[in-house]
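>>> generate coordinates for the sequence data below:
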Amino acid sequence: MRLEITCDDRLGIAQDVLEILRDHEIDLRGIEVDPKGKIFLNFPELEFEDFQHLMPEIRRIPNVKDVKTVAFMPSEREHFEYSLLLSKLPDPVLSVDTRGVIDIANDAAELLLNEQGQRLSGQQISHYLTGFSIQRWLDKQPREATVQQVIIGGAKYFADVLPIWIHDDNGKNNFAGAVITCKPQPLSGAWQRGGNEEAFSQLIGDHASMKRVLREAARMAELNVPLLIQGETGVGKELLARACHQASRRSQQPFLAINCAALPDNVAESELFGHGKGSLGPYTEAKKGIFEQAHGGTVLLDAVSEMSNGLQAKLLRFIQDGRFRRIGEEQEVRVDVRIICSTQGELADRVNAGSFREDLFYRLNVLTLTVPPLRERRSDIQVLVDHFTVQACQQLGRSLVALTRPARERLQEFHWPGNVRQLENVLFRAISMLEGDTLGAEQLQLPQPSALPENVALDLDADTLDEAVKKFESAVLRRLYPSYPSTRLLARKLGLSHTAVANKLRDYGIGKQRKRKSTDI
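Okay, the predicted model is just below:
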């Protein structure tokens, strides 16, 4: 039972109330005094007759204006409001005492840290967070907050650590611990990259191979020569090319990209080099091509290996002297652009297969960057998961989603044939369809690896053993090639030499391998 007593401020009024409770032998559980002129009492439920006598006695106390029952004490309401607010915060929040023992953990923290099902309260924070010694920081009794990178369950977070100082009635300050908020993104500008590296801030990766690529790209960005970027689908080749442009002296000029594999040969030539008035029909107007539109800037030729032999010859002439003719015109046009090319497989394999000009290859292969696939830098998966989770939540305008440990483990173990782009799409789809703020493994729609066709195991229709072996070999290569589109990767997977795999792909017509063509201009 709880009472609210409204009264005017008077010395000893609370004592008068307590004496009445004592006379009635009422066990007082709690008393709270509101400076605005209210006293709240908390005691066990009373029989109606006892309560009927209690109320008039309290009302007769001098300066008491009103007495009524209430459902809760002010501190109880404050506690439940605080708990509700804390539980709904999307970021993990913890409070620790001066010894690093967890006092309070919200739902997001329990979900992130609690892998054994036991409550976090009473546990040492150092059992869950590594990468920063919180206990050493607490021992110093700091006055200022700090932002530190920590590791939780193999994933990197940025912890905003706030010291707790309590002021007593004597004006003395006492250190009481800290409040820790964890976010999968930087909380302070001090973590942002500066200088030339700002252009590469969207390319996320802590793996040594990715760091090496970014270091090389930062140096190559300033050079005014062709750049070839190789890597599987979805690794971020266009993102890297755009970053190289932004880090170069051409950053204020256009960056234009064209997918050479998506356009027919006649359309591709017009798109790249433009055409004169009436050249493609009596009513067509003159049009500038991509190279003219990007004058002073950068042009990305995506899937350059898919160019026709005729278009390759015209591109080679343009790279040699910077001049070309629009379709249907005799006058030469001269422009200044930097060419960046990208290809899924290694371009040298196309040259060996006879589908790409050798002389053009050497013109384009002045500088080369090879972006490693995601499966070869698995330590980056959790970093990317956190980045794409924040990005998806921002795009969808929803609170931050927390991933369960089984969900993270499933993402970590997946093969990712579509690389970073596939990871981004999987997370965006899962978060957009999610009800609530917790993403579990069951909400992740990951494709199951397809099995080999049944007739691969044994082809009884084959006339000879050699023919059956070739059919089996062809089926295996066709099955694996989409996941290992580079002959070097496929050779490493099968334990064969690079040349042997390249020859087999050509023999079976896999990967658009064609007979070697002449490289004469």
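>>> where exactly do the strands run in the stretch 151-300 of the chain?
Applying DSSP state E, counting those that start in this stretch to the stretch 151-300 of the chain gives strands spanning 155-167, 173-183, 227-230, 255-259, 298-302.
>>> helix or strand right after the host helix or strand of L489?
Using DSSP states H and E, L489 maps to helix 487-494. Using DSSP H and E, the next helix or strand after helix 487-494 towards the C-terminus is helix 498-508.
>>> relative to helix 487-494, how tilted is that next one?
100 degrees (axes from the mean of the first three to the mean of the last three Cα atoms, to 10 degrees).
>>> report the buried residues of helix 498-508.
Neighbour counts over helix 498-508 (16 or more other Cβ atoms under 10 Å) mark H498, V501, A502, N503, K504, L505, R506, Y508 as buried. No exception for glycine: its C-beta is placed from N, CA and C like everyone else's.
>>> and the spatially most distant residue from the centre of the chain, how far is that from I39?
In the chain, the residue that sits farthest from the middle, by Cα atoms, centre = their mean, is R60; the gap is 66.9 Å. R60 is 15 Å from I39, where distance means Cβ to Cβ, to the nearest Å.
>>> cool, and Q246?
Relative to I39, Q246 is positioned 66 Å away (Cβ to Cβ).
>>> can you classify R398 as helix, strand or coil?
Under the three-state scheme (DSSP: H, G, I helix; E, B strand; the rest coil), R398 adopts coil.
>>> name the nearest residue to it, ignoring sequence neighbours.
I431 (7.7 Å; Cβ to Cβ, 6 or more residues apart in numbering).
>>> just confirm the one you found contacts L439, I think it does.
Yes - contact criterion Cβ atoms under 8 Å: I431 and L439 qualify, at 6.6 Å.
>>> centre-most residue in this structure?
H387 (2.1 Å).
>>> are we agreed that P142 is in a strand?
No - counting by three-state DSSP, P142 is not part of a strand but coil.
>>> what's the burial count for it?
Neighbour count for P142, taken as other Cβ atoms under 10 Å: 15.
>>> and it, how far from I164?
Applying Cβ to Cβ to P142 and I164 gives a distance of 11 Å.
>>> with P254 instead?
Separation of P254 from I164 (Cβ to Cβ): 53 Å.
>>> now do I290
In terms of Cβ to Cβ, I290 sits 60 Å off from I164.
>>> do the same with N63
N63 is 38 Å from I164, where distance means Cβ to Cβ.
>>> now L374
From L374 to I164 the distance is 41 Å (Cβ to Cβ).
>>> more crowded one of the two?
L374 (27 against 15).
>>> wait, that one touches V420, no?
Yes - using Cβ under 8 Å, L374 is in contact with V420, at 5.8 Å.
>>> so for these two, which residues contact both of them?
G234, V235, L384 (Cβ atoms under 8 Å, 6 or more residues apart in numbering).
>>> next, count neighbours for the last one.
The burial metric for L384, expressed as a neighbour count using other Cβ under 10 Å, is 19.
>>> same deal with the second one?
A count of neighbours around V235, defined by other Cβ under 10 Å, yields 26.
>>> so what are the domain limits for this protein?
The record assigns the chain these domain ranges, following automatic domain parsing: 2-76, 89-189, 195-370, 374-443, 454-508.
>>> show me the least confident stretch of the ones you listed, going by mean pLDDT.
Of all the domains of the chain, domain 454-508 carries the lowest average pLDDT, namely a mean of 74.
>>> picking that back up, so what sits against both of I431 and L439?
Joint contacts of I431 and L439 (Cβ under 8 Å, 6+ apart) are T389, V401.
>>> those helices in the stretch 251-400 of the chain, which residues are they?
Here the stretch 251-400 of the chain has its helices, by DSSP state H, counting those that start in this stretch, at 265-273, 290-293, 309-321, 347-353, 358-364, 381-396.
>>> next, format the domains of the chain as a markdown table and append distance to Y82.
Formatted as a markdown table, those follow (distance: least, Cβ to Cβ, whole Å):
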| stretch | distance to Y82 |
| --- | --- |
| domain 2-76 | 10 |
| domain 89-189 | 9 |
| domain 195-370 | 36 |
| domain 374-443 | 18 |
| domain 454-508 | 51 |
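>>> closest to S83 out of those domains?
Among these, domain 89-189 comes nearest to S83, with 8.8 Å by Cβ to Cβ.
>>> so whatever helix or strand V469 lives in versus helix 487-494, what angle?
Using DSSP H and E, V469 sits within helix 465-480. Orientation check (the same axes, to 10 degrees): helix 465-480 against helix 487-494 gives 110 degrees.
>>> alpha carbons only: can I get helix 465-480 in PDB?
Output of helix 465-480 as PDB, limited to C-alpha atoms (Å, rounded to 0.1, in the frame of the first residue of the first chain):
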ATOM      1  CA  LEU A 465      36.300 -44.400 -70.400                       C
ATOM      2  CA  ASP A 466      38.200 -41.400 -71.800                       C
ATOM      3  CA  GLU A 467      34.900 -39.800 -73.000                       C
ATOM      4  CA  ALA A 468      33.200 -40.500 -69.600                       C
ATOM      5  CA  VAL A 469      36.200 -38.900 -67.800                       C
ATOM      6  CA  LYS A 470      36.100 -35.800 -70.000                       C
ATOM      7  CA  LYS A 471      32.300 -35.400 -69.400                       C
ATOM      8  CA  PHE A 472      32.900 -35.700 -65.700                       C
ATOM      9  CA  GLU A 473      35.800 -33.200 -65.800                       C
ATOM     10  CA  SER A 474      33.800 -30.700 -67.900                       C
ATOM     11  CA  ALA A 475      30.900 -30.900 -65.400                       C
ATOM     12  CA  VAL A 476      33.100 -30.300 -62.400                       C
ATOM     13  CA  LEU A 477      34.800 -27.300 -64.000                       C
ATOM     14  CA  ARG A 478      31.500 -25.800 -65.100                       C
ATOM     15  CA  ARG A 479      30.200 -26.300 -61.500                       C
ATOM     16  CA  LEU A 480      33.300 -24.600 -59.900                       C
END
